[in-house]
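Chemist: Can you look at this prediction? I've put the sequence above it.
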Amino acid sequence: MGDTRLAAFAWEPMHCAAYGILLLPLLSFLINGLWLGRKSARASAWTATVLMGATAALSIIVASGYRDHILTAPHLFPARAALAFEHTWLDFSLGSGAVLSARLGFYLDPISVMMVLVISFISFLVNLYSIGYMKDDAGAGRFFPLLSFFSFTMLGLVVSSNLAQTFFFWELVGAASYLLIGFWYAKPSAVAASKKAFILTRLADAFFLMGLLAVGVNAGSFDFAHLNGPEAAAALNHSVGAGLVTFNLLSLGTLGIYMGAWGKSAMFPFHVWLPDAMEGPTPVSSLIHSATMVVAGVYLTARLYPLFSAAEYTLRVVECTGAFTAVFAAAIACAQTDLKRILAFSTLSQLGLMMSALGTGGGGEPGAAYTASMFHIFTHAFFKCLLFLSAGAVIHAIHSNDIREAGAGGLRKAMPRTYWATLIAVAAIAGIWPLSGFFSKEAILHAALANGRYGALAAGLCTGALTAFYMARYFFLIFHGSAVGSRAPHDSRATHAQEAHPVREGALMTLPILILAVPSALIGILGKGFFTGTVRLWGAEGGASAGVSESALPMRHASSGSWLPAVATVLALSGAGIAWYWYAFRKNGAAFPDRRAPAWYRILAEKFYIDEIYLFLAKRVASKWIAAPAEWTERNIVNGAFDWMTGAVKRLAFLQSIAQSGQVQAYIAVALLGIYLLFRFTGPGY
Amino acid sequence: MNLTACLLLSAALFSIGAYGLVTRRNMIAALMSLELMVNAALINFIAFARFGGTHAGQGDAQAGSLFALFAVAVTAAEMALALAIVVAVHRQRRHLDIRELDGLHG
Amino acid sequence: MQASCLLTLTWVMPLLSALALLAFPARSVAGVKRIALLANGINLALIAWLSAVFALHPPAAAPGSAETVLAFAADYAWFPAWHIRYHVGVDAISLAMMLLAAVVVFCATMASWNIQERNKEFFILLQVLAAGVFGSFIAFDLFAFFVFNELTLIPTYLLIGIFGSGRKEFAAMKLNLMLMGGSALILLGILGLYFESGIRSFDIIELSRIPFDKGFQLWAFPALFLGFAILGNMFPFHIWSPDGHASAPTAVSMFLAGVHMKLGSYGCLRIAMYLLPEGCRAWMDVFMALAAAGVVWGAVVAAKQKDLKYLNAYSSVSHCGLVFLGLAFLNTVGLRGAVMQMLAHGFITALVFCLIGMIYARTHTRLIPQMSGLTARMPFLAVSLVIAGFAALGLPGLAGFAAELNVFLGGFSAGSPLAVICSTLAVLSIVVTAVYVLRATNGILNGPGQTGADPAALTDAGWLEKIPVLILLACILAMGLMPGRLAALLDTALLPILNNLNR
């Protein structure tokens, strides 16, 4: 795949729009952060929203411009990648004329254009929603600039033309999410969550950095156009190290890069930061979970997909982590009682699905796997954002995150629009035909089947059933729950809160919810053609160019797997049915009351105690057994060496000072003796 | 009276002075001993100026006497200073015992 | 006026202002600091102008040449009998250091605006210190370099010993003993160069032409390099710096960590590595391992510190370790990374010490557990501290990342297993950096509001305090966002050194 750069900058709509997509959110950040946010929170909210709306409009211009280019420029056709612009940030000369270049570019290919559209559109809606949500918050003036910055960094990430730029924005995404998760800085739990998210992703990023350096240095370029070509894979495919410690550089490098994605997309065991990240305001959670932050990991893996698919070992790791996380997180979600926490684990589970889909690509159908994963990112962004926004509306209404309190409030009547929107989203994520989730999940299952990855297929089916169960549970408990089975104090408090703050659906908060309901429902049918066409082809060729042959289209294989949708639907419906029976029909409340809970349920509710293990590792192992001894050594041994040396000098001086009696006459006697000795043993007579 | 006799006198004076300086506990006595040693050196100057060196033309009567005079003047100034110190020490310590004055002890 | 005179003016100016202050009545507290600020402001403008001129018309060396090309050079006989010359000039490396020094001195002057006691003496000593540093960076004669270098030690001692806090006498003594020890080694090396060269010269450019005997290089290089590395804060010779920084007044901490230490790493590059290439190649693995150990060690020890100043001092150990690591890779990217890291760390650590000083002035404590929720009371300082923290942990877009990336890339492209292992360790240590930076910023800025302190005292920075913070922030941002030009200029300046190393 050659570097198919577009013509030099011209005042074409598409070029300007490409710059605008990065500049407008940045402008919003600067204006609101430096000035407007302190003057008027409301003005800053509207400025941010309008600028983000403009960004969304510009992204449509870029998308249509890109489409026209593909159609009118035949030479672009095989590659399908183009650059809207590219500026050098820093060149590294590696000696003998080789230069590695870190650039700021705007890379256009089907998935980046898709992501730009999704991010700008969802950011706009979240901004709009936040105007209502943050209305009474004292820190609103701080909130909107940060939100714009978050969108800016994610946009910069997805349009990266090279790995260095990806890392650049990757870290900025992490920093932005850190600031937003810890937005309520006076709340210790929020502060702890933000720190946890940053440090855990940072740990993964350290490996990403090493991977990208190893790959960049050895392949001779950071550019995706080069890295995704066959030469790069060939250049990397050799062993390094010596003796027993030998690695294949291709596997090692791609694994390092995947580690970054692993952490950012919160795959097990890096997942612990994501559920805590909901300590931030709900709009932030909805952004993190749908369009920004977590999907960055999946996107990165997809971005380097041709290189990854040349590394069989790495793909297996991708598949296993993804599949395991999908089932693992879905199981945990079944036993949570916090609204946002349930959604957080469902995000983990869906991300696992996307990852495992990418990982299955090593077989006969690399294109199908790639397509399915991107398709699911796309649909997931809409319905997950919708879920969070409506959850936010519920939280805003009842002033609580607890699903047991929500159930007592009769919210179905008070918030009809939220009710229906949630229903659509829940059905979509559960994979009910004809909503969007059905199609993308089906594509993932098909890809796993077509590539012969039956483990991933089983994990996918299992996840589907669990997802339907816990999402139905979520839905029924909020809107069809009752006081029966939930604890009394909670009820009284909840109803009390509702009396104080009558439940209502603000127009600004409902509008984005209603808008999002449309794509959540329909984007599956509409997007199917796009994804099996444009995006699929890119993936197939990428795979082919990296040495993986492509056999056939996924839809052709559909005949052999025509039973799949039926099985998936039956599983989903039965999962939802159980939830209905248990929570809506029997009105069993949120869960087992604590006393009666069986051990397996408690393990699920406590999230397999992974957080406790981390806490142990951080507090005990890292702090007590590594840092504390190091600090002691520094104080007593390294610094002690200096003190010992000065002490030794002092002791020597003391020895010498014994001779200094202070008796002048003794000194004189010694001096005279010295003179005598001088004359006795020197001079002409000696 | 010849050079040898003068030098012997000087040596005797110097030895007495050195002995006194090392052994006397009273500061004034020690100073007097010191003065003896200086004067022993002065006698040497004068003796060499008077009798000349072992080689002809080496002895310079004028230079020798001049040095001696100069040294007397310097010694006088020195003594004034030393006595001032003695007075100061006496004022502070109420005694003049050198062995008690061991402030230089390490 | 000739540009070379301007270069000399950069160290004469602080000395002149120190003389002027000597004659100035001590009771005029405001006048004293205004004179100091004026002198440092002029100096900053002067160096900025010189840098602009240099950046527009950089002197070009022949591609294969191993001889540093100087701009604004001046060369006069000083003690002709011993071939000591007053030879000054700059290349991109030293000019970058000059700019760093000028910015930090200016900001440090503003940051010590509220010193009341003995403020005349304080500024006199600060100006002398600055003169020594400026002189060292432009000197291309080893003797002159040494004289300027020694000139910095006495004011440092007095500034910490008199104006410091805590165990200040001990810290000042420890610092000076260690640095004097380093100086002794440097002097040994310099005299060795002088006598071994065969031409009895102290001139760096002339000496760079001499192929020294290998046996000589093998002992002279470690002596020189270690001597400078002590000043440059290299593990395990860093122990003077935490105590020194913690006890020093704000301005001195800023200057010491921001600029003075860089003199050490600058000397390592300019003198030890440039003049003794064979010794350098033979010994570099040892120093590479020490540097990597320092990067990790500093970070891990910093993670356990409770005192903000100690924390930043250990963070400096870690970051200075990166400087030496970059130097040890002996390739363009690594060396460039080292110089950029000197700059980046200079700006960042000066900013952090500046902010710590301002926070201390309000809360009267530097202990992290005793502070909480300062964001609400002082948003400007909080935001600045967060940005400084992000820069320290290497967030892209800020100075630290631009430098670190070069260092890491230098390690990965050096082609030796040890280099890869060392840079792997260094990359992993950025996680620890994140831990201690976030622990500190979260601990003092976030959480419920500060208790125990007088709430009226917890005000945000005044405009006078904002200026140095904003200047340093601007430098950090500019270097992080647009490192391209700087990097290209540094490449040109590093070329002769590399050519000499590969000879």
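Modeler: Thanks, I have the structure now.

Chemist: Tell me who's in contact with the closest residue to residue C:461 other than its chain neighbours.
Modeler: Using Cβ to Cβ, 6 or more residues apart in numbering or on different chains and skipping the chain neighbours, the partner closest in space to residue C:461 is residue C:380 (5.0 Å). In short, each C-beta sits where N, CA and C put it, glycine included. Counting by Cβ atoms under 8 Å, 6 or more residues apart in numbering or on different chains, residue C:380 makes contact with C:460-461, C:466, C:469.

Chemist: distance of residue C:380 from residue C:111?
Modeler: With distances taken as Cβ to Cβ, to the nearest Å, residue C:380 is found 15 Å from residue C:111.

Chemist: State the mean pLDDT of the helix or strand hosting the residue nearest to residue C:461.
Modeler: Per DSSP states H and E: residue C:380 is located in helix C:379-392. Confidence for helix C:379-392, expressed as mean pLDDT, is 94.

Chemist: Now find how far off-centre that helix is within its chain.
Modeler: 20 Å (Cα atoms, centre = their mean, to the nearest Å).

Chemist: Residue 446: how many residues sit nearby?
Modeler: Just so you know, I chose chain A. Residue A:446 has 27 neighbours, counted by other Cβ atoms under 10 Å in any protein chain shown.

Chemist: nope, chain C
Modeler: By other Cβ under 10 Å, the burial measure for residue C:446, its neighbour count, is 26.

Chemist: List the residues that contact it.
Modeler: Contacts for residue C:446 were tallied using Cβ under 8 Å, 6+ apart; they are A:182, A:185-186, A:191, C:372-373, C:375.

Chemist: mind running it again at 7 Å?
Modeler: A:182, A:185, A:191, C:373, C:375 (Cβ atoms under 7 Å, 6 or more residues apart in numbering or on different chains).

Chemist: and what of residue A:521?
Modeler: Shown here is residue A:521, whose contacts under the criterion Cβ under 7 Å, 6+ apart are A:424, A:428, A:435-436.

Chemist: and which of the contacts of residue C:446 is nearest chain B?
Modeler: When the contacts of residue C:446 are compared for distance to chain B (Cβ to the nearest Cβ), residue C:373 comes out closest, at 56.4 Å.

Chemist: Not counting sequence-adjacent ones, nearest residue to the closest one?
Modeler: Spatial nearest neighbour of residue C:373, excluding adjacent residues (Cβ to Cβ, 6+ apart): residue C:449 at 4.1 Å.

Chemist: The one you found against residue C:371, yeah?
Modeler: No. Taking contact to mean Cβ atoms under 7 Å, the distance of 10.4 Å between residue C:449 and residue C:371 leaves them out of contact.

Chemist: out of these two, which sits in the busier spot?
Modeler: Neighbour totals were compared for residue C:449 and residue C:371, and residue C:371 leads with 23 against 14 (other Cβ under 10 Å).

Chemist: Could you list the low-pLDDT ranges of chain B?
Modeler: When residues are selected by pLDDT under 70, those of chain B lie in B:1, B:53-60, B:106.

Chemist: for it, what spans make up the helices?
Modeler: Secondary structure of chain B, counting by DSSP state H: helices at B:3-23, B:27-51, B:61-93.

Chemist: I'd like those laid out as CSV, including distance to residue C:289.
Modeler: Below are the helices of chain B laid out as CSV (distance: least, Cβ to Cβ, whole Å):
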stretch, distance to residue C:289
helix B:3-23, 61
helix B:27-51, 64
helix B:61-93, 62
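
Chemist: Closest residue of the stretch 1-150 of chain C to chain A?
Modeler: residue C:63 (11.6 Å).

Chemist: what packs against the longest strand seen in chain C?
Modeler: Taking residue count as the measure and DSSP state E as the definition, the longest strand of chain C comes out as strand C:71-79. Of the remaining helices and strands, those touching strand C:71-79 by 3 or more Cβ pairs under 7 Å, 6 or more residues apart in numbering or on different chains; DSSP states H and E are helix C:3-22, strand C:84-90.

Chemist: starting at the chain centroid, how far to it?
Modeler: With Cα atoms, centre = their mean as the basis, the mean position of strand C:71-79 lies at 25 Å from the chain mean.

Chemist: For that strand, buried residues please.
Modeler: Buried residues in strand C:71-79, counting neighbours by 16 or more other Cβ atoms under 10 Å in any protein chain shown, are found at C:71-74.

Chemist: Tell me the one of the residues you listed nearest chain B?
Modeler: Taking those together and measuring to chain B by Cβ to the nearest Cβ, the closest member is residue C:74, at 51.2 Å.

Chemist: got the CA positions of stretch A:223-236 in PDB?
Modeler: Only the C-alpha atoms of stretch A:223-236 are listed here, as PDB (Å, rounded to 0.1, in the frame of the first residue of the first chain):
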ATOM      1  CA  ASP A 223       3.500   5.400   9.100                       C
ATOM      2  CA  PHE A 224       0.500   3.100   9.000                       C
ATOM      3  CA  ALA A 225       0.800   3.100   5.200                       C
ATOM      4  CA  HIS A 226       4.200   1.400   5.600                       C
ATOM      5  CA  LEU A 227       3.600  -0.700   8.600                       C
ATOM      6  CA  ASN A 228       0.500  -2.300   7.100                       C
ATOM      7  CA  GLY A 229       2.400  -3.300   4.000                       C
ATOM      8  CA  PRO A 230       4.100  -6.600   3.500                       C
ATOM      9  CA  GLU A 231       7.600  -5.100   3.600                       C
ATOM     10  CA  ALA A 232       7.200  -4.100   7.200                       C
ATOM     11  CA  ALA A 233       6.000  -7.500   8.300                       C
ATOM     12  CA  ALA A 234       8.800  -9.100   6.500                       C
ATOM     13  CA  ALA A 235      11.400  -6.700   8.000                       C
ATOM     14  CA  LEU A 236      10.100  -7.400  11.500                       C
END
